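Q: Let's see this in three dimensions:
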Amino acid sequence: PALAEDLHALNVLADLYEGLLTFDAEGSPVPGVAERWSVSPDGLVYRFELRLDARWSNGRPVTAEDFVHGFRHVLRAGSDSPVAFLLEPVKGVRAEGARDLTVELHRPAAWLPTVLAMPVAAPRLPGIHDRASAFTNPAAFVGNGPYLLEEWTPGGVLRLRRNPVYRDAASVAIEAVHYQPVTDPVAEYNLYRSGALELTSTVPPSEISQLRRD
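A: Numbers count the residues shown, from 1 in each chain. Next comes the predicted model:
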């Protein structure tokens with residue numbers, strides 16, 4: 001999650017991992033792993049209370065220390081994350097027990113809740129996520145989002161299946177999600193029009209006039 005920077009990767013990661021906050025249908029930050037949060041009057045201290053039922057797919061509870069590990073992984077000197085700048089206002093982060101997390105800022109950042117719903121602020125499981133296979137190998141994958149990695153071949157279809165231990169699994173209505181990489185915008189548009197793809201964010205300019213007529 002710390003390496004993602006384009007929209008397509010962010011969409012996939014939002015299915016596989018959940019941060020302190022998540023986005024509702026309108027795109028606004030709402031409680032995710034954090035059940036509730038508060039902000040100090042000066043805007044410099046955020047306090048989060050994590051849900052009791054938040055679990056990693058291997059059954060381990062998602063703890064405040066997992067978020068500390070995730071933040072520090074991104075903010076460490078020499079981080080490879082291309083979006084580490086999004087967490088630049090963060091002065092410090094600490095766990096105060098398993099469920100309580102405090103984030104202190106250098107300066108107020110009213111947009112911080114939006115960042116906390118993005119993959120760059122995802123939790124990281126010490127030991128487990130130090131191995132690349134925990135992100136890329138379906139047999140070793142460990143996530144805390146609504147879906148699990150079922151199959152992935154670079155350049156091929158990426159298949160996800162519903163995560164039965166996700167904290168809100170009962171509301172996940174779609175059993176499986178398949179992401180199909182397509183490099184040609186016209187080919188993607190044709191797959192969408194034929195019903196082979198249920199969702200596309202690509203519209204070739206040459207087709208816009210026809211779409212308006214339809």
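Q: going forward, measure contacts and count neighbours with C-alpha atoms only.
A: Will do.
Q: Average pLDDT for stretch 81-95, rounded please.
A: Mean pLDDT, stretch 81-95: 95.
Q: In PDB, could you pull the C-alpha coordinates for that stretch?
A: The C-alpha trace of stretch 81-95 is given here as PDB (Å, rounded to 0.1, in the frame of the first residue of the first chain):
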ATOM      1  CA  SER A  81       6.900   5.600  -0.900                       C
ATOM      2  CA  PRO A  82       6.200   8.100  -3.700                       C
ATOM      3  CA  VAL A  83       3.300   9.500  -1.600                       C
ATOM      4  CA  ALA A  84       5.100   9.800   1.700                       C
ATOM      5  CA  PHE A  85       4.600  13.600   1.400                       C
ATOM      6  CA  LEU A  86       0.900  13.100   2.300                       C
ATOM      7  CA  LEU A  87       1.900  12.200   5.800                       C
ATOM      8  CA  GLU A  88       4.500  15.100   6.000                       C
ATOM      9  CA  PRO A  89       2.400  17.000   8.600                       C
ATOM     10  CA  VAL A  90       2.700  14.100  11.100                       C
ATOM     11  CA  LYS A  91       5.000  14.900  14.000                       C
ATOM     12  CA  GLY A  92       4.500  11.700  15.800                       C
ATOM     13  CA  VAL A  93       2.300   8.700  16.300                       C
ATOM     14  CA  ARG A  94       1.900   6.400  19.300                       C
ATOM     15  CA  ALA A  95      -0.200   3.600  20.600                       C
END
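Q: what does it contact?
A: 2-5, 64-65, 68, 71, 74-75, 101-109, 115, 120 (C-alpha atoms under 8 Å, 6 or more residues apart in numbering).
Q: now do 7 Å
A: Outside stretch 81-95, the residues that touch it by C-alpha atoms under 7 Å, 6 or more residues apart in numbering are 2-3, 5, 64-65, 68, 74-75, 101-107, 115.
Q: Show residues contacting the longest helix seen in the chain.
A: If you go by DSSP state H, the chain has its longest helix at helix 64-75. Applying C-alpha under 7 Å, 6+ apart, the set of residues contacting helix 64-75 from outside is 2, 81, 84, 93-95, 98-101, 121-126.
Q: That helix: what's the following helix or strand?
A: strand 90-95 (DSSP states H and E).
Q: Partner strands of that following strand and their direction?
A: strand 100-105 (antiparallel) (DSSP bridges).
Q: What are the buried residues along the partner strand?
A: 100-105 (16 or more other C-alpha atoms under 10 Å).
Q: so which of the contacts of helix 64-75 comes closest to residue 146?
A: residue 122 (13.7 Å; C-alpha to C-alpha).
Q: Surely that closest one and residue 22 touch.
A: No: between residue 122 and residue 22 there is no contact under C-alpha atoms under 7 Å: 10.4 Å.
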